[in-house]
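> Build me a structure from this.
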Amino acid sequence: MGITVKNTTPDTAKVTLVGEMMDGSFDARVMAETDVPYTKYWDNELEQRIVYLQPDPDQLQSIVAALNERRLSLDDLQNFGSSDGGTSELPI
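Numbers count the residues shown, from 1 in each chain. The predicted structure is shown next:
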């Protein structure tokens, strides 16, 4: 089963910042593209990536759960994002 998530469009300029923590867990926040920090967002992060998706709060929870349960990789999630609008069907 998948979920359909809106892709970011240039007029919304919202992105999802996804972080992998040092303990192997993941966290994510939806924010304006201009609010993404150039430095670490989370104190204990190992890596952070911008994904051009604009999930609602329930979808964001599902995405983070799929990352934490290893049903979705960070690379695969990033490949689903797009800045040209439309939607993405995530396989989670």
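
> Double-check that P37 belongs to a helix.
No - looking at P37 with DSSP: H, G, I helix; E, B strand; the rest coil, it is coil, so not inside a helix.

> Q54 touches A13, doesn't it?
No - assessed by C-beta atoms under 8 Å, Q54 is found out of contact with A13, at 9.7 Å. (C-beta placed from N, C-alpha, C; glycine too.)

> More neighbours: which of the two?
Between Q54 and A13, Q54 has the larger neighbour count (other C-beta atoms under 10 Å), namely 20 against 15.

> how about that one, phi and psi?
In terms of degrees, to the nearest 10, the main-chain angles of Q54 are phi -130, psi 70.

> Over to P55?
Torsion angles, degrees, to the nearest 10, at P55: phi -80, psi 150.

> Give the burial count for T16, as a bare number.
25.

> With V30 instead?
Using other C-beta under 10 Å as the criterion, the residues surrounding V30 number 17.

> I'd say E47 and E20 touch.
Yes - E47 lies in contact with E20 (C-beta under 8 Å); the separation is 4.8 Å.

> more neighbours, the two?
Taking neighbours as other C-beta under 10 Å, E47 and E20 compare with E20 leading, 17 against 12.

> so what's that one up against?
26, 45-48, 74 (C-beta atoms under 8 Å, 6 or more residues apart in numbering).

> The same query, at a cut-off of 7 Å, please.
Counting by C-beta atoms under 7 Å, 6 or more residues apart in numbering, E20 makes contact with 26, 45-47, 74.

> Poorly predicted segments of the chain, please.
Applying pLDDT under 70 to the chain picks out residues 1, 8-12, 82-85.

> List the buried residues in stretch 38-55.
41, 48-49, 51-55 (16 or more other C-beta atoms under 10 Å).

> to the chain's geometric centre, what's the distance from that stretch?
8 Å (C-alpha atoms, centre = their mean, to the nearest Å).

> Count the residues that sit near R70.
By other C-beta under 10 Å, neighbour count at R70 equals 9.

> what's the residue closest to the geometric middle of the protein?
T16 (4.1 Å; C-alpha atoms, centre = their mean).
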